[in-house]
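S.K.: No sequence on hand, only this structure:
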């Protein structure tokens, strides 16, 4: 009996030690909006692996980016510092010179004895952060490889589109950079790790251009494609600051003129389906690795995406489609910050920010931050998804902000113009209520959440021109 008791004590101690140091699998998907099965943004989406992950996670159905552009969104998430405090508002502002001493999220885990590594797009373009990693593939300075392209460009027939292009590729899936990223991450999950790990996986699609192998396009026959619901005079009650962000005379006009709307939606759905398959490969590797019972999984999109809603394409706006993101967190039982783990298939309807990920992961792992963070840990919502919560704040360019409560979206631009939408009756944000006196009290409450700090814009740096990403008009 004593031997059995001793063996039980040793096993219990080993399990406790294991639980004290959970691993983190940190998955980013670029330009992914709510067109996924768990969020129901498009009825034709085919994302079984995102649905599979949602079943073992808490899904935050109202999660929002800190900024609707790659660089400021990712810089904010990875540092815990909001754009209005860092001054990093655009894609062409190098974030590390703006915050030379900040401790990034993986650095916080490294400081606490973790091995940190990854592959794929985690930071934006030419602004990687070698100090954030012990190991990165292809290298600490190059986050991802190049992709095949069609023999003829533009593939969509729209002249001078740059990366605003789409079409099928006649190549094997293995030739895609995301497949190579998924393979590298999967191989790392198959290794024996002496330390707990923080392993990042950055899936690039559905970022433009929407070039993926032809079999993914075949899943969405063109003749049956459903277009987004669009109100023809939607911009009539939008301030000029909002219209300038939408730029309806550019992308949307070109897509309609060239008869490419259905083709574009097909290509976006195909790219999401491709990204979902890459996610599935990584989840399979985790489940086969022996680490699944001691690994926190977080999946996030860096911002949303418009496909014609409000006559707008891309991100770069403060409306719902540009700012709402997928966010799932799966925590196994035994994590220091959440010993009970997450409830399978739980959904929280509360508005949250990607800024909240940094403090959330630290608390889940039982770690303390080294600096000031602008987000708030979501652990209370992981325990009780219905807990009352505060609104989420989004920023696009200095002094342009949106505040999203559970029921309303309020936007104030740098020139003082405003928008207000009641999501209880207007989920597509078709009717601007900012001037309606019936909503004056609602507006006053939301104004209280606007940032009181608006840091000066940091100097521009050479940007990654391959992304063809256009910043807010200045």
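M.R.: Nice, thanks for sending it over. Since the model is a prediction, treat every value here as computed from it, not as a measurement.

S.K.: Bridging across strands, which residues link to the residue nearest to residue 325 when sequence neighbours are not counted?
M.R.: Leaving out its chain neighbours, the residue that sits closest to residue 325 by CB to CB, 6 or more residues apart in numbering is residue 301, at 4.0 Å. Where C-beta positions appear, they are placed from N, C-alpha and C, glycine not excepted. Counting by DSSP bridges, residue 301 is bridged to residue 29.

S.K.: give the contact list for residue 301.
M.R.: Each residue near residue 301 by CB atoms under 8 Å, 6 or more residues apart in numbering is listed here: 28, 29, 30, 31, 32, 33, 65, 325, 326, 327.

S.K.: Among those residues, which one sits closest to residue 411?
M.R.: Residue 411 has its nearest neighbour among the contacts of residue 301 in residue 65, at 14.3 Å by CB to CB.

S.K.: ok, the closest one touching residue 316?
M.R.: No - the pair formed by residue 65 and residue 316 falls short of the contact definition of CB atoms under 8 Å, at 11.5 Å.

S.K.: Quick check: buried residues in stretch 201-218?
M.R.: 201-213, 216-217 (16 or more other CB atoms under 10 Å).

S.K.: Which members of those residues are positioned in strands?
M.R.: 201, 202, 203, 210, 211, 212, 213 (DSSP state E).

S.K.: From the centroid of this protein, which residue is nearest?
M.R.: In the chain, the C-alpha nearest the mean C-alpha coordinate belongs to residue 301, at 1.6 Å (CA atoms, centre = their mean).

S.K.: so where's the longest helix in this structure?
M.R.: helix 261-289 (DSSP state H).

S.K.: Which one of the contacts of residue 301 is nearest to residue 344?
M.R.: Closest approach to residue 344 among the contacts of residue 301 (CB to CB): residue 327, at 16.5 Å.

S.K.: Return the distance of the closest one relative to residue 297.
M.R.: Using CB to CB, to the nearest Å, residue 327 is found at 12 Å from residue 297.

S.K.: which one of the two has more residues nearby?
M.R.: residue 327 (26 against 22; other CB atoms under 10 Å).

S.K.: For that one, grab phi and psi.
M.R.: Reported as degrees, to the nearest 10, the phi and psi values for residue 327 are phi -150, psi 120.

S.K.: right, and it touches residue 352 too?
M.R.: Yes - using CB under 8 Å, residue 327 is in contact with residue 352, at 7.0 Å.

S.K.: Touching both of these two, which residues are there?
M.R.: Common neighbours of residue 327 and residue 352 (CB under 8 Å, 6+ apart) are 60, 63.

S.K.: Tell me if residue 181 really is in a helix.
M.R.: Yes - remark: residue 181 belongs to a helix, assigned using DSSP: H, G, I helix; E, B strand; the rest coil.

S.K.: That one - nearest residue in space that isn't next to it in sequence?
M.R.: Spatially, and ignoring its direct neighbours in sequence, residue 181 is nearest to residue 120 (3.9 Å; CB to CB, 6+ apart).

S.K.: got it, and residue 146?
M.R.: Among residues not flanking residue 146 along the chain, residue 177 sits closest, at 6.4 Å (CB to CB, 6+ apart).

S.K.: okay, now that neighbour: neighbour count?
M.R.: Using other CB under 10 Å, residue 177 has 20 neighbouring residues.

S.K.: which residues touch it?
M.R.: 120, 144, 145, 146, 147, 204.
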